[in-house]
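Model the following, please.
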Amino acid sequence: MDDLSDADVAEMLAHGFRTTTDERLIASADTAVICVPTPLAEGDGPDLRAVVGATEAIGRNLRADMLVVLESTTYPGTTDEVVR
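From the prediction side, this is the model:
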């Protein structure tokens, strides 16, 4: 099973893990992880609208030395071609 237990979540929160829908809080983060759905689009590739949206939100709040990680399933080169 891939689900997290209540104990897993409690441990993550105790160590500073935080989720939010307030993009302004991104500016205070050391790391931003993009982990959004990438369903197959019409044709052969993934639908990257969620990746683009997350990237734009991070870009509006990006600061020096922030680590941005793309964890969504997509094609090789997405980080350079879309996120960068």
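
nearest residue to Thr38 other than its sequence neighbours?
Pro46 (4.0 Å; CB to CB, 6 or more residues apart in numbering). The C-beta positions use only the backbone N, C-alpha and C, and glycine is treated the same way.

how about the spatially most central residue of the chain, what does it touch?
Nearest residue to the geometric centre of the chain (CA atoms, centre = their mean): Ile34, 1.1 Å. Ile34 sits next to 51, 54-55, 58, 68-72, 83 when contact means CB atoms under 8 Å, 6 or more residues apart in numbering.

which residue ranges form the helices in the protein?
6-14, 49-61, 78 (DSSP state H).

Out of the ones you listed, indicate the one that is most buried.
helix 78 (a mean of 20; mean count of other CB atoms under 10 Å).

picking that back up, would CSV of the contacts of Ile34 with distance to Glu11 be doable?
Formatted as CSV, the contacts of Ile34 follow (distance: CB to CB, whole Å):
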residue, distance to Glu11
Val51, 28
Ala54, 25
Thr55, 29
Ile58, 26
Val68, 24
Val69, 20
Leu70, 25
Glu71, 20
Ser72, 24
Val83, 29
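
Measure how buried the residue nearest to Leu48 when sequence neighbours are not counted is and give me the count.
Excluding its sequence neighbours, the residue lying closest to Leu48 (CB to CB, 6+ apart) is Val82, at 6.0 Å. Per other CB atoms under 10 Å, the neighbour tally for Val82 reads 14.
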